[in-house]
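Student: Test case, fold it:
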Amino acid sequence: MGTLKTEPARSRPDLLASPVAAAIGQWAADAPVDVDDVLVAPIDADLADTAAFCAAYEVGLDVSANCVVVAGKREGVLRYAACVVLATTRVDVNGVARRTLGLRKASFAPMADAVEATGMEYGGITPIGLPEEWPILVDARVIAAPHVIVGSGVRHSKIALPGPALGALPGAQVLEGLARAV
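Tutor: A predicted model of the protein is given here:
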């Protein structure tokens, strides 16, 4: 976890976006990962972007996970999904993600749309607390990591949790090959 100073996320809703705090508050008692294993750490909001964050807090790119919002139309309806991949990889948006979502064409959602749809800050979007109708596609490398660090919904903190927890989120689907190495 580098130099992050973590504490249980449920004790620090001030470090979480509203939808994230609500999801943490409703964490299932029978979830494969205990809610107290979901940690949060304050960070400098100016260092929230992955490369700057990892360098400043001595966190490896191999334990930093990015959550990107993709969009595409199916049957004339705009649909969103989240893709979670390690920072050492990039989402295969128009390959695995597009096919899995059953879309003809997929692209990264425009920033303003992603922020409005999630209720989270750009650069802090996380798979925890997304709209329940959204699929969450998680690259298999993420759940293979003992611990990963993801956004918290805001730029001034990060969440640290066991990688397998992301594959167990409601609506999550773990996929081999969702991401490609950079």
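
Student: all strands for the protein, in order.
Tutor: 7-8, 39-42, 65-74, 77-86, 89-91, 107-108, 136-139, 148-151, 157-161, 172-175, 179-181 (DSSP state E).

Student: can the ones you listed go into TSV with extra columns for mean pLDDT and distance to Arg98?
Tutor: (Each C-beta comes from the backbone N, C-alpha and C, glycine too.) Shown next, in TSV, are these (pLDDT from 0 to 100; distance: least, CB to CB, whole Å):
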stretch	mean pLDDT	distance to Arg98
strand 7-8	98	37
strand 39-42	98	33
strand 65-74	94	7
strand 77-86	95	10
strand 89-91	97	10
strand 107-108	95	9
strand 136-139	98	11
strand 148-151	98	23
strand 157-161	98	27
strand 172-175	97	12
strand 179-181	95	14
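
Student: Select, out of these, the one closest to Ala21.
Tutor: strand 39-42 (9.9 Å; CB to CB).

Student: quick one: the residue nearest to Asn94 when sequence neighbours are not counted from Arg12, how far?
Tutor: Closest residue to Asn94 apart from its sequence neighbours, by CB to CB, 6 or more residues apart in numbering: Ala106 at 5.9 Å. Distance of Ala106 to Arg12, given as CB to CB, to the nearest Å: 35 Å.
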